[in-house]
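In: My questions concern the predicted model and sequence given below.
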Amino acid sequence: MKAVKSLSDEELVASLRSGKQVNDAIKSIYRTYFESLSWHVINNSGSSQDAEDVFQEVVVNFIDLVQKDKFRGESTIKTFLFSLNRHIWLNELKRRGRALAREERYEKEHEKAGMDVSQLIADRETKEQLVNLVTQLGETCRKILLLFYYNNLSIKEILESLDYENEQVVRNKKYKCLKQLEQMISENPLLKQTLKNLLHE
Amino acid sequence: MSNSTNDMSQKLLRYLDDELAGTERAELEKQLLADKALQEELEGLKLAREAVHSYGLQQEVAAVHQEMMKEFRTPVIKISSSRRIIRFTMSVAAGLLIIFVGITVYNYYSLTPEKLFRNNYQSYELSTVRDGSAKDMSPVEKAYREKNYADVVAISFDRPFTIKEDLLRAMSYTELADNEKAITSYKEVIAKNEATGTNVLKEEAEYYLALTYIRHKEYNQALDLLTKIHNNSAHLYHGKVTNKLIRKVKKLR
């Protein structure tokens, strides 16, 4: 059986920033924090499925913030993840109209204490809209854009993995795909504004 | 519609991808400062790039999430402390059982008639005599007391041996490892008692005859006698004939 190594805060952040062994870093976060964070959701009117969904969202947001250098280690990863978890779950409860006054008050007090993560992350709807837009692009566009902008492959490397005549064709295709996505976002002003706010936060 | 041409859009994208350098880059940055529409287009492309990155990240986390949930749902059998104690006790018991079985097997395969005889045989001791009676002592008894067993069996009289002398002769044959003659002598002791209806040294003869039968590999005869002694709680040697001894003789059979 493969030994499971738990990463320190520094190792986790370094791994997520560099993009190296990200999968191992994500697994380490799950193994270290899933149980305790899930407990909070389940003990605050959530189901185990809610706990899983919230945790997944917590991890996505955390990695995103680390990669954008918005997590600078002012708090421990544990504290930060707990704040994200609490915030995301409270938002979900509000969306369902089930947030209790006590929970909202707690969240406000927490924000005053300097751990306000609400401005840093997109809400669930925004993320869902983004996923829908990228999905609508079609498989080829999605693949080229992901290989270039997420997996950081060069045009030459993309040409080797996809069936195109030359690098220029790949470049043109990539341009068209990104332009198409840009137009799709522009057609949704609210989404565009939310994304802008997050990008410039 | 943007003021930028298709070429300009391509250039914007190269700028976004950090592929523009030198004067080309400086010129575009100058244009961007002056052209709001161009700024807007660049902003839109940045948002699109951000959307792709966000999508990719969500997909990657979702894949790991599935893997981890599978791992977490795999039941891990936790052993409670009581079960651990039971398991430990069972291990110890199993260990002891193995040792016991080992000893039993060893004893079984190392069991010989001679060994069984030696483990149960004890030289017959005559009671201490008073000074006055020593001069009346039979030469057989005298030689036996002096452990001159060869002399004991060599002595002959022009009279029959007494029961006591028969037993001492039998014991001497046993000491000399002459089983056949020992058996005959023990039988003589028993026969004389049965003929006269007495019980003089008969029980001693029965016990030592049984042991001699074992050494002589006449197991059935030995078992008959041993069972008889074992079943008779009043027998002098009842305590010596245990179930264990009988089992061992049966194993030898």
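Out: Done, it's in.
In: Can I get the helix or strand residue B:206 falls within as CSV, trimmed to CA atoms?
Out: Using DSSP states H and E, residue B:206 sits in helix B:202-215. Output in CSV follows, covering the C-alpha atoms of helix B:202-215 (Å, rounded to 0.1, in the frame of the first residue of the first chain):
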residue,chain,number,x,y,z
LYS,B,202,0.3,-59.8,45.6
GLU,B,203,-0.5,-56.2,44.8
GLU,B,204,3.2,-55.4,44.5
ALA,B,205,3.6,-58.3,42.1
GLU,B,206,0.7,-57.1,40.0
TYR,B,207,2.0,-53.6,39.6
TYR,B,208,5.6,-54.7,38.8
LEU,B,209,4.4,-57.4,36.5
ALA,B,210,2.4,-54.8,34.6
LEU,B,211,5.5,-52.6,34.2
THR,B,212,7.6,-55.6,33.1
TYR,B,213,4.9,-56.5,30.5
ILE,B,214,5.3,-52.9,29.1
ARG,B,215,9.1,-53.3,28.9
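In: That one packs against which elements?
Out: With contacts taken as 3 or more Cβ pairs under 8 Å, 6 or more residues apart in numbering or on different chains; DSSP states H and E, helix B:202-215 sits against helix B:113-120, helix B:163-175, helix B:179-196, helix B:219-231. For glycine as for every other residue, the C-beta is placed from the backbone atoms N, C-alpha and C.
In: so how far is residue A:165 from residue A:177?
Out: Using Cβ to Cβ, to the nearest Å, one obtains 17 Å as the distance from residue A:177 to residue A:165.
In: Show the pLDDT at the residue most central in space within chain B.
Out: Central residue of chain B (Cα atoms, centre = their mean): residue B:98, 1.0 Å from the mean position. Predicted confidence (pLDDT) at residue B:98: the value is 87.
In: rewinding a little: and the helix holding residue B:206, average pLDDT?
Out: For helix B:202-215, mean pLDDT is 93.
In: and the angle for it with helix B:179-196?
Out: 150 degrees (axes from the mean of the first three to the mean of the last three Cα atoms, to 10 degrees).
In: so how far is helix B:202-215 off the chain centroid?
Out: Offset of helix B:202-215 from its chain centre (Cα atoms, centre = their mean, to the nearest Å): 36 Å.
In: ok, now stretch A:8-28?
Out: Distance of stretch A:8-28 from the chain centroid (Cα atoms, centre = their mean) equals 14 Å.
In: what about it, how long is it end to end?
Out: In stretch A:8-28, first residue to last residue: 9 Å (Cα to Cα, to the nearest Å).
In: Residue A:85: neighbour count?
Out: 26 (other Cβ atoms under 10 Å in any protein chain shown).
In: go on, the one 3 residues further on?
Out: Under the neighbour criterion other Cβ under 10 Å, residue A:88 is assigned a count of 25.
In: Fine, thanks again, bye for now.
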